[in-house]
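[1] 3D model of this:
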Amino acid sequence: MIKRLISLLFLAWVLGFAWFALLPPMPAPPQKTDAIVVLTGGPGRIDRALELLEDGQAKRVLISGVAREVKPKELAAEYKRPLALFDCCVALGFDAEDTRSNATEVASWVARRGYRTVRLVTTDWHMRRAHYEIGRAVGKDVTIVPDAVRSEPSFSTLFREYHKYLAGLVGGLLGL
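    Okay, the predicted model is just below:
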């Protein structure tokens, strides 16, 4: 009986990892939302969020997980955008250091503004965990539109992220 249970759990783990690695989340089609949230930490993420903002897909962007010393003027120069865009429409979140604290920062920002729809921009390999954590934090009244930035993650990145995702799911089931 124990061997069968272990075999079943192993099979579930293998199939889950295959799903996670071979079928990554995709970029979202055009769809207006109240706001866009982008998590720092990977190439193309902030560019994607700013493109969506400029295309009118939302009126505000939160960049979550920004280093405290970063200023809007520096980001505007780095991403070749007018400072006026940052002054009017981009908020910088300085409190997050990991995905779980991103979720807390995003939930607070969304609640203060009464947003009901948020487009989440992060890398494809990170999207499932980020979506899950932020979804838990904002609650069921907020719709999250996942918008993955395509990448070519290494096996080790996928392996680590899959286990972080599983740990988050288990933690959520246990109320942690």
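[2] In the protein, spot the helix with the most residues.
    If you go by DSSP state H, the chain has its longest helix at helix 2-22.
[3] what sits up against the helix or strand following that helix?
    Next along the chain after helix 2-22, taking DSSP states H and E as the criterion, comes strand 35-39. Residues outside strand 35-39 that contact it (CB atoms under 8 Å, 6 or more residues apart in numbering): 45-46, 48-49, 52-53, 57-65, 96, 99, 102, 106, 109-110, 113, 115, 117-122, 126, 130, 134. C-beta: built from backbone N, CA, C; applies to glycine.
[4] repeat for stretch 88-104
    Against stretch 88-104 from outside (CB under 8 Å, 6+ apart): 39, 50, 53, 59-68, 70, 72, 75, 105-106, 109, 126, 129-130, 133-134, 136-138, 164, 168.
[5] List buried residues within those residues.
    Restricting these to buried positions leaves 39, 50, 53, 60-66, 72, 75, 105-106, 109, 126, 129-130, 133-134, 137-138, 164, 168, with burial counted as 16 or more other CB atoms under 10 Å.
[6] Could you list the buried residues of stretch 11-23?
    Neighbour-count burial for stretch 11-23 [16+ other CB under 10 Å]: Phe20, Ala21.
[7] and Val121, that's in a strand?
    Yes: the assignment for Val121 by DSSP: H, G, I helix; E, B strand; the rest coil puts it in a strand.
[8] got the contact list for it?
    For Val121, the contacting residues are Ile36, Val37, Val38, Leu39, Arg45, Arg48, Ala49, Leu52, Asp147, Ala148, Val149, by CB under 8 Å, 6+ apart.
[9] Just give the closest residue to it, not the sequence neighbours.
    Nearest residue to Val121, sequence neighbours excluded (CB to CB, 6 or more residues apart in numbering): Val38, at 4.2 Å.
[10] residues near the one you found, how many?
    29 (other CB atoms under 10 Å).
[11] again with Tyr165
    By other CB under 10 Å, 22 other residues sit near Tyr165.
[12] for it, helix, strand, or coil?
    Following three-state DSSP, Tyr165 is assigned to helix.
[13] what residues are up against it?
    Tyr165 makes contact with Phe20, Arg128, Arg129, Tyr132, according to CB under 8 Å, 6+ apart.
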